[in-house]
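Chemist: Structure here, sequence nowhere to be found:
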């Protein structure tokens, strides 16, 4: 192998990669938090006694779960503006696609967690005169949080990695900058390896903290 490694180029290009990392975080964090909030509302709709709410929420969830994320991002950038009459920026289209996709998956996580609680707990709380919203807040959600935590952690990891798909819309996130630098300097090995390391450094602390929190919650159970 006659390849000469040049990681000095990586140090030179680090400011560009860090700018891309910032855009990645700007995509990742809002799509997670907004997606979780929307997913919780969707889960309540799926569990509602109103058949119309159940049908609408199920249709929404299956639509986003059963189509590729890449297609969704491209659709929101190229097709959605035709419907609303307003052109979205590449960043806005990517953020919208990631958020809605996250909400669909989060809805199923919430639904599964809520349904895992024995019906007797609902009945006992209603017998005490508690309202549905209070039962959720005071009894159900505190119990299912530790059950849902691994699934939510996996979802957060997936969204962080999916944010790299925004590069196809020319969003200047980490993967876009890595591809641009690779094609400019013809050093894909060094640059893309660095991009992979940055993704690992970005994601691993969250998985580590989640694992510690799971153990702490299990110890208190």
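Modeler: Looks like it came in fine. Given the structure is predicted, the values throughout are model-derived calculations rather than measurements. Residues are numbered from 1 along each chain as shown.
Chemist: For this protein, which segments count as helices?
Modeler: Applying DSSP state H to the chain gives helices spanning 8-46, 51-65, 69-78, 80-84, 90-115, 119-127, 132-135, 141-162, 174-185, 188-220.
Chemist: And the contacts of the second one?
Modeler: Helix 51-65 is touched from outside by 42, 45, 46, 48, 72, 100, 101, 103, 104, 105, 107, 108, with contacts defined as CB atoms under 8 Å, 6 or more residues apart in numbering. C-beta coordinates here come from the backbone N, C-alpha and C atoms, glycine included.
Chemist: Buried ones among those residues?
Modeler: 42, 45, 46, 72, 100, 101, 103, 104, 105, 107, 108 (16 or more other CB atoms under 10 Å).
Chemist: neighbours around residue 127, how many?
Modeler: Residues lying near residue 127 (other CB atoms under 10 Å) number 8.
Chemist: how close does the closest residue to residue 87 other than its chain neighbours get to residue 88?
Modeler: Leaving aside its sequence neighbours, residue 87 sits nearest to residue 81 (CB to CB, 6 or more residues apart in numbering; 4.6 Å). With distances taken as CB to CB, to the nearest Å, residue 81 is found 6 Å from residue 88.
Chemist: And residue 105, by the same measure?
Modeler: From residue 105 to residue 88 the distance is 22 Å (CB to CB).
Chemist: For the most centrally placed residue in the chain, give me its contacts.
Modeler: Geometric centre of the chain, nearest residue: residue 159, 3.5 Å, by CA atoms, centre = their mean. The contact partners of residue 159, by CB under 8 Å, 6+ apart, come to 28, 31, 32, 35, 98, 102.
Chemist: Let's see that with 6 Å instead.
Modeler: 28, 31, 32, 102 (CB atoms under 6 Å, 6 or more residues apart in numbering).
Chemist: I figured the second one hits residue 103, correct?
Modeler: No. The pair residue 31 / residue 103 is not scored as a contact, 9.0 Å apart, by CB atoms under 6 Å.
Chemist: what about residue 67, distance to residue 196?
Modeler: 27 Å.
Chemist: again but with residue 204, I slipped
Modeler: Counting by CB to CB - residue 204 and residue 196 are separated by 12 Å.
Chemist: likewise residue 94?
Modeler: Distance from residue 94 to residue 196, by CB to CB: 20 Å.
Chemist: Now do stretch 104-115: distance to the chain's middle.
Modeler: Chain-centre distance of stretch 104-115: 14 Å, with CA atoms, centre = their mean, to the nearest Å.
Chemist: Oops, could you answer that again for stretch 24-32 instead?
Modeler: For stretch 24-32, the distance to the chain centre is 8 Å (CA atoms, centre = their mean).
Chemist: Other residues contacting it?
Modeler: Taking CB under 6 Å, 6+ apart as the rule, stretch 24-32 contacts 95, 98, 99, 102, 156, 159, 160, 163, 173, 174.
Chemist: do the same with stretch 90-105
Modeler: Outside stretch 90-105, the residues within contact range by CB under 6 Å, 6+ apart are 27, 31, 34-35, 38-39, 61, 64-65, 69, 72-73, 76-77, 155, 159, 166, 169-171.
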